[in-house]
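> Build me a structure from this.
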Amino acid sequence: MTILAKGHKLNGMKREPFFQKLAQAQERNQSLLCVGLDPDPAKLPAPFKRGGIQRVARFNQAIIKATADLVSAYKPNWAFYEALGLEGMRVLEKTLEAVPRHVPVIADAKRGDIGNTAKSYARAIFEVWGADAVTLSPYMGLDTLEPFLSYEDRAAYVLCLTSNPGAEDFELPGLLYLRVASALGQHDTRGNIGLVVGATQLGRIQEVRKAAPNLPFLIPGVGTQGGSARAAVQEAWGNRPGSVLVNVSRSVLYASSGNDFAEAARAAADDFRKELQGYIPRKKG
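Modelled structure (predicted):
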C-alpha cells in the first residue's frame, strides 16, 4: 500500500498557505461550506449496502464528484477510517486522491500530545497524508501545538468551544474557552491558527470573536446537530479572508438513502452553500 496524498510535496517544499488556499476556494465556488467526509458503512445508501470495505471509498468518491464545485473544503474524520482497520487506510487514501488539488483538506484528527509524539503526529498528518490543515486539542498546552504550527504553509484548527453537550464539563466553567481563544490569538505569530467553535453555542460565538478577532473559525454543528447557520456566520464573521468555514456532514452525506444519493447530496450541499452566502454581513456604504 502506498499512502501519499495527491499534490503532496516532499523534502520540506512549501505549498500555498492554507488560509490563502481556503480563501481562494471560497471565492471560486462562492461557498463557506465544508463537507465532512465521515462515512458510516451502516448508513451508506442502497448502492453501497453490500460488498467489501472499498465500497466506502466509492461512496466518498461519488460525494466528492457531486459536490466539489460547491464546497471550499473537505474534512475527513480520521476515526471513521481507523475504525475500518488497514482497509480503512486504503479508503482514506483513495478519498484524498479524489479531492481536487485546489480544494483544501482538513484532517479531523483532534491530536494533542507532547514532544516526539506530537512531532510524529504532525509528520503523519502533513507529510504522509498530505493534509492542508488539522484539528487539535489545546489542553496539554501550547507546546503541544508547535510541531504542527512549524509547518507554516499548513494550519491548525484548535478546539475552543465545541458543539457537543459535554462542552459544559470543562470548556464553559470558568470561561476556559475564552482563555483558549485569547491565548491562541496571541500565539498566532505565523498566521496559521484557527479555532473550532460550535454553531450550537449561540451568543457565545461572538464572545470568542471578541477574544480572538483575527483568528478564522471552523464551525461544526449546523445541520443534524441543529445549530443556527445564520447566527454562526454573523456572530463569527471576522476581518480576514477565510474567517468562517461551516462544516456539514450527515445532512449532505445521507441526504438520500436511495440510488439518487449523489444528486440529493449535491442538492443539499448547494442549499447549504446558498444559505450560508446569504448570511455574510454586507459592507455598509
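> From residue 79, how far off is the closest residue to residue 54 other than its chain neighbours?
Of all residues not flanking residue 54 in the chain, residue 91 sits nearest, at 6.7 Å (CB to CB, 6 or more residues apart in numbering). For glycine as for every other residue, the C-beta is placed from the backbone atoms N, C-alpha and C. The spacing between residue 91 and residue 79, counted by CB to CB, to the nearest Å, is 13 Å.
> Over to residue 239?
Where residue 79 is concerned, residue 239 sits at a distance of 34 Å (CB to CB).
> So which of those two has more stuff around it?
Neighbour count, other CB atoms under 10 Å: between residue 239 and residue 79, residue 79 has more, with 12 against 8.
> and the more buried one, that's in a helix?
Yes: checked against DSSP: H, G, I helix; E, B strand; the rest coil, residue 79 lies within a helix.
> contacting residues for it?
With contact set as CB atoms under 8 Å, 6 or more residues apart in numbering, residue 79 has no partners.
> Can you check the pLDDT for residue 266?
As predicted, residue 266 sits at a pLDDT of 98.
> what do you get for residue 231?
pLDDT, residue 231: 89.
> and it, which of the three is it?
Secondary structure, three-state DSSP: residue 231 is helix.
> That one touches residue 201, doesn't it?
No: using CB atoms under 8 Å, residue 231 is not in contact with residue 201, being 9.4 Å away.
> Which one's more surrounded, the two?
residue 201 (25 against 18).
> hang on, the more buried one packs against residue 167?
Yes: here residue 201 reaches residue 167: they are 7.1 Å apart, a contact under CB under 8 Å.
> shared neighbours, these two?
residue 161.
> So what pairs up with residue 136 in the strands?
Note on residue 136: beta-bridge partners residue 111, residue 158, judged by DSSP bridges.
> could we number from 51 for the rest of this?
Yes, from this point I'll number from 51; that puts the last item at residue 186.
> Spell out which residues sit in contact with it, please.
So residue 186 contacts 160, 161, 162, 194, 195, 198, 206, 207, 208, 209 (CB under 8 Å, 6+ apart).
> Report the buried members of those residues.
Buried members of the contacts of residue 186, scored by 16 or more other CB atoms under 10 Å, are 160, 161, 162, 194, 195, 198, 206, 207, 208, 209.
> Among these, find me the one that's closest to residue 114.
Residue 114 has its nearest neighbour among the buried ones among the contacts of residue 186 in residue 207, at 20.6 Å by CB to CB.
> residues contacting that closest one?
Contacts of residue 207 by CB under 8 Å, 6+ apart are 156, 183, 184, 185, 186, 244, 245, 246, 266, 268.
> Surely the third one is in a strand?
Yes: going by three-state DSSP, the assignment for residue 184 places it inside a strand.
> Wait, residue 208 touches residue 243, no?
Yes: shown here, residue 208 and residue 243 form a contact pair, counting by CB under 8 Å, at 6.4 Å.
> Give me the common contacts of these two.
Both residue 208 and residue 243 are in contact with 195, 234, where contact means CB under 8 Å, 6+ apart.
> just the buried ones among the contacts of residue 186 now: which is nearest residue 76?
Distances from residue 76 to these, taken by CB to CB, are shortest for residue 207, at 15.3 Å.
> Read off the pLDDT value for the closest one.
98.
> thinking again about what came up before, widest-spaced pair of the contacts of residue 186?
Longest span within the contacts of residue 186, CB to CB: 194 and 207, 14.5 Å.
> Mind listing what's buried along the host helix or strand of the residue nearest to residue 104?
Using DSSP states H and E, residue 141 falls within helix 135-148. Residues 138, 139, 140, 141, 142, 143, 145, 146, 148 are the ones in helix 135-148 that count as buried (16+ other CB under 10 Å).
> ditto for stretch 77-89
Buried, per 16+ other CB under 10 Å, within stretch 77-89: 79, 81, 82, 83, 84, 85, 86, 87, 88, 89.
> same question, stretch 251-266
In terms of neighbour count (16+ other CB under 10 Å), stretch 251-266 has its buried residues at 251, 254, 255, 257, 258, 259, 261, 262, 265, 266.
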